[in-house]
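In: Fold the following for me, if possible:
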Amino acid sequence: MRRYFFYDITRAMPTKNIPRSTEFACDIPLPKGFRLQDILGFHARDITALSEEVRDTRLRKAVVLKAMPCQISIDFFTNYATVKLHCDGRTALTEAELIGLGQRLLGLHFDTQKFEKKYAKDTHLGALVQRQAGLNIAMVPTVFEALVWAITGQQITVSFAIQLRHRLIELTNIRHSQGLVCHPDAQAVASLDAEQLGELKFSRAKSATILRIAQMVNSGELRLDSSTSSGDAPASAQDYAALSEQLLAIKGVGPWTVNYAMMRGAGYADCSLHGDVVVRSALQNLIGAQEKISEVEAKAWLENYAPWRSLVAAHLWASKTLQA
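Out: Next comes the predicted model:
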């Protein structure tokens, strides 16, 4: 059984605009074979360190939680990680929510050991799983952030998507007192308009979709971050089905966007990324197919690995990275 150590290190801040801050911390045990590089590598993609900063074995990330600018910092040690949450104001999260947030950012919603035990001798995945043992899926603090990233990255290169994300964070400019700029929440994005996003080089379609989702979340019409996504449990199949139905009804949101966001934002373990070009390319290499794998073929193949399709996609992505 895992043990969590939680402590309050609240202190007054000598800043006129921020009369009080709240800081909590907890220690979270790391599983055997935990791959630190999977987590740090994901958050180090924007080399400007505008919203996330990776230094050695430390990650800092700024995010708006419950309408409050917060900074999450994670220090990694041999067998555990210390997660600290610094809020510019009164505390934003409960003890359970902080532990859950830490688990999310550490990728602990995914039971990699159980997955590897099941598929270590699989005809197709066995060698890949053994070679990439401990592979983890990095997550982001909220489903909204995951959705914005998924929509931003549709049909463009990762490098350009990172630039667009950087520009959006810079435009909303929600600064935490310790220097990083927060990824905006739905309220901040809903206050923007299509012209502003267009000036950042978002396409009209992406601008419309992002703004529509932000407005729906801000008004309460769409609820993305339930207790399952802010607490210590990943999204369930029921959560996935209900949210998928709502999201797919929004113009500009397709199955790939939903599945990617549910994997990165809600920790759902059975997301089918059959629409992902890299996943299909890696699958073609894995099974030795002469022709490109279609979405229909990829979907049928991935169904054999339910309810672990998120981790299968992660291993396929990583196999292409290793080849490059």
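
In: quick one: the helices in the stretch 151-300 of the chain?
Out: Here the stretch 151-300 of the chain has its helices, by DSSP state H, counting those that start in this stretch, at 158-172, 186-190, 194-199, 204-219, 227-230, 237-248, 255-266, 277-287, 295-302.

In: Of these, which shows the lowest average pLDDT?
Out: Of all the helices of the stretch 151-300 of the chain, the minimum mean pLDDT falls on helix 227-230 (a mean of 40).

In: sorry, back to before: so of the helices of the stretch 151-300 of the chain, which one's packed in deepest?
Out: Highest mean neighbour count of these: helix 255-266, a mean of 24 (counted as mean count of other Cβ atoms under 10 Å). Just so you know, the C-beta spots here come from the backbone N, C-alpha and C atoms, and that holds for glycine as well.

In: elements contacting that one?
Out: If contacts are counted by 3 or more Cβ pairs under 8 Å, 6 or more residues apart in numbering; DSSP states H and E, helix 255-266 sits against helix 143-152, helix 227-230, helix 237-248.

In: helices or strands up against the longest one?
Out: Using 3+ Cβ pairs under 8 Å, 6+ apart, the elements in contact with helix 237-248 are helix 255-266.

In: which other residues reach the helix it packs on?
Out: Residues outside helix 255-266 that contact it (Cβ atoms under 8 Å, 6 or more residues apart in numbering) are 137-140, 142-147, 149-151, 154, 224, 228-229, 234-235, 239-240, 243-244, 247-248, 268, 271-276, 310, 313.

In: Show me which of those are buried.
Out: Buried by 16 or more other Cβ atoms under 10 Å: 137-140, 142-147, 149-151, 154, 224, 228-229, 234-235, 239-240, 243-244, 247, 268, 271-276, 310, 313, out of the contacts of helix 255-266.

In: measure the residue nearest to residue 187 when sequence neighbours are not counted to residue 188 for me?
Out: Sequence neighbours aside, residue 218 is the residue nearest to residue 187 in space, at 5.1 Å (criterion: Cβ to Cβ, 6 or more residues apart in numbering). Distance of residue 218 to residue 188, computed by Cβ to Cβ, to the nearest Å: 9 Å.

In: What of residue 85?
Out: The spacing between residue 85 and residue 188, counted by Cβ to Cβ, is 19 Å.

In: Which stretches in the stretch 1-150 of the chain count as strands?
Out: Per DSSP state E, counting those that start in this stretch, the stretch 1-150 of the chain carries strands over the ranges 5-8, 11-12, 20-29, 52-55, 58-65, 68-76, 80-87.

In: Make JSON lines from those strands and add mean neighbour count to it.
Out: Formatted as JSON lines, those follow (neighbours: other Cβ atoms under 10 Å):
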{"stretch": "strand 5-8", "mean neighbour count": "12"}
{"stretch": "strand 11-12", "mean neighbour count": "10"}
{"stretch": "strand 20-29", "mean neighbour count": "18"}
{"stretch": "strand 52-55", "mean neighbour count": "18"}
{"stretch": "strand 58-65", "mean neighbour count": "22"}
{"stretch": "strand 68-76", "mean neighbour count": "21"}
{"stretch": "strand 80-87", "mean neighbour count": "21"}
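
In: lowest-confidence stretch among those strands?
Out: Lowest mean pLDDT of those: strand 11-12, a mean of 40.

In: returning to what we had before: would you turn the helices of the stretch 151-300 of the chain into TSV with distance to residue 61?
Out: Formatted as TSV, the helices of the stretch 151-300 of the chain follow (distance: least, Cβ to Cβ, whole Å):
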stretch	distance to residue 61
helix 158-172	11
helix 186-190	16
helix 194-199	23
helix 204-219	20
helix 227-230	15
helix 237-248	23
helix 255-266	14
helix 277-287	25
helix 295-302	30
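
In: contacts for stretch 292-306?
Out: Outside stretch 292-306, the residues that touch it by Cβ under 8 Å, 6+ apart are 119, 125, 270, 272-275, 279-281, 283-284, 287, 309, 312-313.

In: oh, I was asking about stretch 116-127
Out: With contact meaning Cβ under 8 Å, 6+ apart, stretch 116-127 is reached by 129-130, 133-134, 286-287, 305, 308, 312, 315.
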